[in-house]
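Engineer: Next come a sequence and a model predicted from it.
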Amino acid sequence: MIKRFIRAGAFVSKEINEVRRQPRLILALILGPFLILLLFGIGYKGRNDSLKAIIIVPATGDYSVSPDEYKPLTGDQITITEVTTNRDAALERLRHREVDIVVQVPQDIGATISSGSQVALPVYLNEVDPLRRDAITYLTYFAANEINKQTVAAAAGQGQEGAGDVRSAIVRMRNALDAIEQHMARGEVQEANRQVRDLQGSSANTQLAVALMAQFMAADTTIVKPAEPQDPNRVNLADGQQVANRVAGDIQNLSTELNKSQPDQERVRTGIAGIRSDLDMLDKLTQQFQRINPLVLAAPFYAKPENTAPTNVSFINFYGPGVLVLLLQHIGITLAALSMVRERLFGTVELFRVSPTSAGEIMAGKYVSFTLLLGAITSVLLLVISNDLQIEGFPLSLGVPILGDWLALTTSIALVIFASIGLGFFIAAISKTESQAVQISMLVLLTSVFFGGFFLSLETLLEPVRAVSYALPVTYGISLFQDVMLRGVTPDTMMLLWLLVLGVGFALVSYLLFRRQFRRG
């Protein structure tokens, strides 16, 4: 048993010394990935999500051609560079990619809405990038919502102006109540009746207007329920309909009392006092309705995002762990694959066959050596990218946070290295030359970028295609590294277990293939 460890240990020192004799390789392995990360972090400036747009308006209809007048309709996501009536010129600028979108305002919008149909708002774009195409489409959806909100707000503002007519009607009704009291004091019942009829007409108009106002506040939907009783000093707008109906009922009771042969003076005074009290409430309701911002009536809800993540992660920091996993996997695969292929090409395997060394001892020694080398490289990279290093204000680090447990991170790193080396041995077993091993390693790297969850989430892939993702160590490594470093949570045990199973599977298959080749010789 001791001899087996000695023979396996010989390969550990062999591989380490072979790499140690190549200082350029060590420099490339350590500084190369860091320089890539550093250059990416310094050079990335983000993308301006604001879209440049041209608006085409009809030549007739007295439309403004000033971009400033259309800015409230588009929000901050769209910058209007020009408003024109020349459709061909606008589309030509779009074809030359001078602008991102061209929006055409249709003719006869009012007639279309009056006929009960929605207005189609053509939006032209010229984009071949599917991600940016979808992003532009999504922004146009928000722009359409903003236009709808502004349109409804304008209508609500006009409705608030109409509320002034309600207050005028309330003033007339108060004057009519004063006249009724005066006529009753003089015993002029017929004149009082005439004033009550005028009062009923004003009440009907007021009741209709108040009903329209109350609908804004009396909604009963899945998330909006009628308001609870408020402070007595403030009128509940949702109760406006009830107050208006009570006014109409009190006026009808007053009319009934006055039509009697001997009206009861006390009942008349009580009825007039009740009507006055309700009119005061209606007046407060109307004033309160007029003070509401029309945008609140048009869009009562607005989103207030609140990120509960433990830290504010930048774009660079988010992709930092993924880049680190990709580098670890690629270096592990390349070292393991080239090492085994060179053993065969240089004829050293022939020497191993006549020695007491077994295939398992060879692979065990290489596993240990490459694990130590990759562990050292990972330590240096983590030390550099996770610190805020600067020299005279020039950044030398990406400042990627490590919020989680170091033991969990070390375990994740070890499993990624173990699975990557196993995959490299498998590639070596199926490769006949160094060029084949290098080509397959690059194909694995390319596959990892597209299917490993680096740029695209796994949920965006079809189920059968995800089988490719689950066969890559980087898929598990990215998720584990992000959980530990950026979220500060304990990594998913199942992810660790599946990564271990993947590494054991690659090791077992590689060992069987290598032992077969070893014995065949």
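Structural biologist: Structure received. Numbering: from 1, shown residues only.

Engineer: Quick check: which ranges of the stretch 1-150 of the chain have low pLDDT?
Structural biologist: The stretch 1-150 of the chain contains residues with pLDDT under 70 at 1, 15, 18-49, 75, 110-117, 128-131, 148-150.

Engineer: how about the strands in it?
Structural biologist: Assigned by DSSP state E, counting those that start in this stretch, the strands in the stretch 1-150 of the chain fall at 51-56, 78-84, 101-104, 123-125.

Engineer: Show me what the first one is packed up against.
Structural biologist: With contacts defined as 3 or more Cβ pairs under 8 Å, 6 or more residues apart in numbering; DSSP states H and E, strand 51-56 has these neighbours: strand 78-84, helix 87-95, strand 101-104. In short, each C-beta sits where N, CA and C put it, glycine included.

Engineer: right, so of the ones you listed, which gets closest to Ile421?
Structural biologist: Nearest to Ile421 among the helices and strands packed on strand 51-56 is strand 101-104 (49.8 Å), distances taken as Cβ to Cβ.

Engineer: quick one: strands adjacent to that closest one?
Structural biologist: strand 51-56 (parallel), strand 123-125 (antiparallel) (DSSP bridges).

Engineer: quick revisit: make TSV out of the helices and strands packed on strand 51-56 and add mean neighbour count.
Structural biologist: Formatted as TSV, the helices and strands packed on strand 51-56 follow (neighbours: other Cβ atoms under 10 Å):
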stretch	mean neighbour count
strand 78-84	18
helix 87-95	15
strand 101-104	22
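
Engineer: May I see these organised as a markdown table, with distance to Lys366 added?
Structural biologist: Shown next, in a markdown table, are the helices and strands packed on strand 51-56 (distance: least, Cβ to Cβ, whole Å):
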| stretch | distance to Lys366 |
| --- | --- |
| strand 78-84 | 58 |
| helix 87-95 | 58 |
| strand 101-104 | 57 |
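
Engineer: any idea how far Leu409 lies from Gln482?
Structural biologist: Here the criterion is Cβ to Cβ, to the nearest Å. By it, Leu409 lies 11 Å from Gln482.

Engineer: residue contacts, the closest residue to Gly365 other than its chain neighbours?
Structural biologist: With Cβ to Cβ, 6 or more residues apart in numbering as the criterion, Gly365 has its nearest non-adjacent residue at 2.6 Å, and that residue is Phe11. By Cβ atoms under 8 Å, 6 or more residues apart in numbering, the residues touching Phe11 are Glu361, Ile362, Ala364, Gly365, Lys366, Val368, Ser369.

Engineer: Go ahead and produce CSV holding the CA coordinates of the one helix or strand Ser255 maps to.
Structural biologist: Counting by DSSP states H and E, the element that carries Ser255 is helix 240-258. C-alpha atoms of helix 240-258 as CSV (Å, rounded to 0.1, in the frame of the first residue of the first chain):
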residue,chain,number,x,y,z
GLY,A,240,-70.4,60.8,-2.5
GLN,A,241,-73.1,58.7,-4.2
GLN,A,242,-74.8,58.0,-0.9
VAL,A,243,-74.8,61.7,0.1
ALA,A,244,-76.2,62.8,-3.3
ASN,A,245,-79.0,60.2,-3.0
ARG,A,246,-79.8,61.4,0.5
VAL,A,247,-80.1,65.0,-0.8
ALA,A,248,-82.5,63.9,-3.5
GLY,A,249,-84.6,61.9,-0.9
ASP,A,250,-84.7,64.9,1.5
ILE,A,251,-85.8,67.2,-1.3
GLN,A,252,-88.6,64.8,-2.3
ASN,A,253,-89.7,64.6,1.4
LEU,A,254,-89.7,68.4,1.5
SER,A,255,-91.8,68.6,-1.7
THR,A,256,-94.3,66.0,-0.2
GLU,A,257,-94.6,68.0,3.0
LEU,A,258,-95.2,71.3,1.1
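
Engineer: List the buried residues for it?
Structural biologist: Buried residues in helix 240-258, defined by neighbour count with 16 or more other Cβ atoms under 10 Å: 240-241, 243-244, 246-248, 250-251, 253-255, 257-258.

Engineer: shaky segments in the stretch 301-450 of the chain?
Structural biologist: Counting by pLDDT under 70, the stretch 301-450 of the chain has low-confidence residues at 301-308, 387-397.

Engineer: can you pull out the helices in it?
Structural biologist: Residue ranges of the helices in the stretch 301-450 of the chain, as given by DSSP state H, counting those that start in this stretch, are 315-345, 348-353, 359-385, 406-430, 434-451.

Engineer: buried residues in the very next helix or strand once past the last one?
Structural biologist: Think helix 434-451. Per DSSP H and E, the first helix or strand lying C-terminal to helix 434-451 is helix 463-470. Residues Arg466, Ser469 are the ones in helix 463-470 that count as buried (16+ other Cβ under 10 Å).
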